[in-house]
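A.B. asks: Predicted structure and sequence below. I'll ask about it afterward.
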There are 2 protein chains.
Amino acid sequence: MPTLSAQRTTLADVAAAAGVSVSTASLAFSGSGPIADRTRERVLEAARTLGYSGPNPLGRQLRRGRSGIVGVIMGDVLRRAFRDPVTIQVLDGLTARLGPLGLGVLLVPGPHDVSQPPVDPLVGTAAMDVAVQMWGGTTDDPVLETLRNRGVPIVLVEGTPQPDVAVVGIDDRGGMAEVTRHVVDLGHRRIATVTLPFDRDRVEGPADAARLSGIAWEISRRRLAGVTDAGVEPTVVWETPASLVEHGAAAGRALLQGPDRPTAVICQSDLLASGVVLAARELGLRVPEDVSVAGFDGLDLPWLAPDVLTSVSQPLAAKGAAIGDAVADLLAGRDAEERVLPVVLRVGTTTGPPPA
Amino acid sequence: MPTLSAQRTTLADVAAAAGVSVSTASLAFSGSGPIADRTRERVLEAARTLGYSGPNPLGRQLRRGRSGIVGVIMGDVLRRAFRDPVTIQVLDGLTARLGPLGLGVLLVPGPHDVSQPPVDPLVGTAAMDVAVQMWGGTTDDPVLETLRNRGVPIVLVEGTPQPDVAVVGIDDRGGMAEVTRHVVDLGHRRIATVTLPFDRDRVEGPADAARLSGIAWEISRRRLAGVTDAGVEPTVVWETPASLVEHGAAAGRALLQGPDRPTAVICQSDLLASGVVLAARELGLRVPEDVSVAGFDGLDLPWLAPDVLTSVSQPLAAKGAAIGDAVADLLAGRDAEERVLPVVLRVGTTTGPPPA
DNA sequence: GCCCCCGATCGAATCGATTCGAGCACCACG
DNA sequence: CGTGGTGCTCGAATCGATTCGATCGGGGGC
């Protein structure tokens, strides 16, 4: 039963079998420190015989004071967050950068819904050398609070800059201004906008002044500010509960009815925008002849083919890598500067001049 | 600087401050064992004063011999695996079940491509109490080999049953047979099928006898067998490199040309099927009047709306939960029985009688 | 031929908590 | 007033590896 013995075999056993001290055996595995080739061989041979597959990570971690784990806090239900290709691709870029550093990603779920406690127990108890919060992160975020108490360094993605927290983001505001100008330059004047959620309440529908003045989530606020920067006062600001195709479709159905419907809809995400496109088609409107639609993120959306969504491309893999760099900085004791990645306007086939 | 002191404060410090022994202080936190309320209060008070946020997980883990971590091995690049909603939703169900058990999920990437070493270093070195392999898992899988050497118990999802490994899966074969019979009953005779990858080579195109006889990945093999079970000999078996909309579209474009094109296409995943539907529309074919399309998984595909894909629904959250149960079994030292979850045919709007 | 130095190896302390058995004080009962 | 029991608290061992300083032996330099 190699399973059982493998679990119980320790470095001390191997050392004894090889006739060396524990410290020497340790050197044979870690490679740090001087050791004669012959000795190392002998130790490895003994390990092989005993079915010892290397030092127990738990012992190593305790001694080193490092777990080699980066906790990634998904700002929301896994399911929802994961249907967001943006998060996924960033996560992919992150793991790619973290792997060579010998670091692994521990998935920490956000709260499942408003009724549940806002902080997953793992946030307070799991071993992690650094935490990455993928979304949200207002100043009074209880998750950040907990992490700070533990003394875990934090990387915040697309959140509110604050002391003692490394921030990684993109130029949302500039990108949004750029795509808005593109739409304005085409001649549009009646422009509506569809936004990401404002806060944990996740309201759906047109936002009134009260809601507009209290947008908690940085990303929604910044992207909205971009529209204003371009000199546009949206006819409607439509708030969605999540960045999903179906919410975009619902927004589209609501916005694109009636005589004074907007001639262009600018969305804060590609998923929302593709929902609007589908809704427009459903209503018998041609895109872009009858209505122009723009998104944000620059995703490949195979199901819109042959159309290409006009959008603002953000460098997803690079963003993941930047997060990884920030993590490395914090681990090395450097304090990480704010990283803001550039975005670029992608003009597709879903925007054109407004109908005459 | 609460950060620094928090990191360095230990249970011993708290005990000293509270005027109790370390063991008593430990009891105050763990809650196991008898302790007077007043004493506990005193300890917690001292902890608060010192900015101690609870026992260091590393120490606890070493002592307990448990890390509280479940390693989840994504059978493929994160990016690709994550674009697969099936994996995501299962993962969500899994974390939901694992949370209450105090377990966290460590993401372990599969190899990025064929040229890279097939086993991520984390598989061999990261602390994990149980490993879950989400995909693949042939008998000679080097990942499983490594895990076995380490003595880490394994849960295999949709893989080849083998000794010492807990298996969770669904009734692929039965489900596929059912949907195939549905199509046959509608009157179809010329039926093509689009499959998931056969192996790490990820070939794209029609599969010849040689390839058909050597399908390494269990899931593709079983779903194909389901078609045969229903008495259907597919006119073409089209292999794809991954379960993605664009590969389905490519298959559709190739299959749906020419005079003796199939009247129905049965796909091994919904993503592939939706690609086929899009390709059909692109070619000016009506679905289901000109061609019927069926998928597998039972996903919500908002972009096909108002169409609903005929498919075989698998219980994704329940699958995640079943994996969690298997994990719990293994941790408790029970050996887990094989879990096979039922599937159910969902007749949508994409299948109908063949053209006259 | 002697001494010094360097490379290899070893011992022992340490990381931070958990846990078991022993000890102790106090209460209740006889 | 003595004894048995109960309920807390404490000491010490332990989990498995890393690492620093000390030791030992052999080869090279003078």
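C.D. replies: Right, received. Where do you want to start?
A.B. asks: how near is the closest residue to A:Leu278 other than its chain neighbours to B:Pro306?
C.D. replies: Residue nearest to A:Leu278 in three dimensions, not counting chain neighbours: A:Ala249, with 5.4 Å by C-beta to C-beta, 6 or more residues apart in numbering or on different chains. Every residue, glycine included, has its C-beta placed from N, CA and C. According to C-beta to C-beta, to the nearest Å, A:Ala249 and B:Pro306 sit 11 Å apart.
A.B. asks: just to revisit the earlier point, so the residue nearest to A:Leu278 makes contact with A:Val276?
C.D. replies: Yes. Using C-beta atoms under 8 Å, A:Ala249 is in contact with A:Val276, at 7.1 Å.
A.B. asks: Can you pick out the residue with more neighbours from the two?
C.D. replies: Taking other C-beta atoms under 10 Å in any protein chain shown, A:Ala249 and A:Val276 do not tie; A:Val276 has more neighbours (32 against 22).
A.B. asks: Walk me through the domains of chain A.
C.D. replies: Per the record, chain A has its domains at A:2-55, A:69-170+A:316-341, A:172-314, by automatic domain parsing.
A.B. asks: So which of these is nearest B:Ser213?
C.D. replies: Among the domains of chain A, the nearest to B:Ser213 by C-beta to C-beta is domain A:172-314 (31.7 Å).
A.B. asks: The closest one: how far from the chain's middle?
C.D. replies: Relative to its chain's centre, domain A:172-314 lies at 21 Å (C-alpha atoms, centre = their mean, to the nearest Å).
A.B. asks: Give me the mean pLDDT for that domain.
C.D. replies: Throughout domain A:172-314, pLDDT has a mean value of 95.
A.B. asks: number of nearby residues for A:Ala356?
C.D. replies: Neighbour tally, A:Ala356, other C-beta under 10 Å: 4.
A.B. asks: number of nearby residues for the single nearest residue of the stretch 51-200 of chain A relative to DNA strand D?
C.D. replies: DNA strand D sits closest to A:Gly59 of the stretch 51-200 of chain A, with a gap of 2.8 Å, by C-beta to the nearest atom of the strand. The local packing of A:Gly59 (other C-beta under 10 Å) involves 16 other residues.
A.B. asks: try A:Ala46
C.D. replies: 20.
A.B. asks: Secondary structure element holding it?
C.D. replies: A:Ala46 is part of helix A:37-50 when elements are defined by DSSP states H and E.
A.B. asks: Determine the set of other helices and strands touching the following helix or strand past that helix.
C.D. replies: Next helix or strand after helix A:37-50 toward the C-terminus (DSSP H and E): helix A:57-64. Using 3 or more C-beta pairs under 8 Å, 6 or more residues apart in numbering or on different chains; DSSP states H and E as the contact test, the elements touching helix A:57-64 are helix B:57-64.
A.B. asks: any idea how far the residue of the stretch 51-200 of chain A closest to DNA strand D is from A:Ile35?
C.D. replies: Distance, A:Gly59 to A:Ile35, using C-beta to C-beta: 19 Å.
A.B. asks: Listing request: residues of the stretch 1-150 of chain A with sub-threshold pLDDT.
C.D. replies: Residues of the stretch 1-150 of chain A meeting the criterion pLDDT under 70: A:1-7, A:75-83, A:111-115.
A.B. asks: run the last query once more with 80
C.D. replies: Applying pLDDT under 80 to the stretch 1-150 of chain A flags the ranges A:1-7, A:31-33, A:75-84, A:110-118, A:136-139.
A.B. asks: Counting neighbours, what do you get for the closest residue to DNA strand D within the stretch 251-356 of chain A?
C.D. replies: Minimum separation of the stretch 251-356 of chain A from DNA strand D (C-beta to the nearest atom of the strand) falls at A:Leu331, amounting to 14.3 Å. When neighbours are counted by other C-beta under 10 Å, A:Leu331 registers 16.
A.B. asks: what sits against it?
C.D. replies: A:101, A:129-130, A:153 (C-beta atoms under 8 Å, 6 or more residues apart in numbering or on different chains).
A.B. asks: re the thing from before, kindly point out which residues are neighbours of both of A:Ala249 and B:Pro306.
C.D. replies: A:Glu282.
A.B. asks: Not counting its neighbours along the chain, what's nearest A:Gly275?
C.D. replies: A:Gly248 is the one closest to A:Gly275 (C-beta to C-beta, 6+ apart), at 2.2 Å.
A.B. asks: quick check, that neighbour in a helix?
C.D. replies: Yes. Assessed by DSSP: H, G, I helix; E, B strand; the rest coil, A:Gly248 belongs to a helix.
A.B. asks: from what I can see it touches A:Gln268, true?
C.D. replies: No. Judged on C-beta under 8 Å, A:Gly248 makes no contact with A:Gln268 at a distance of 10.0 Å.
A.B. asks: Need the residues touching each of those two.
C.D. replies: With C-beta under 8 Å, 6+ apart as the test, A:Gly248 and A:Gln268 both reach A:Val194.
A.B. asks: All good on my end, thank you.
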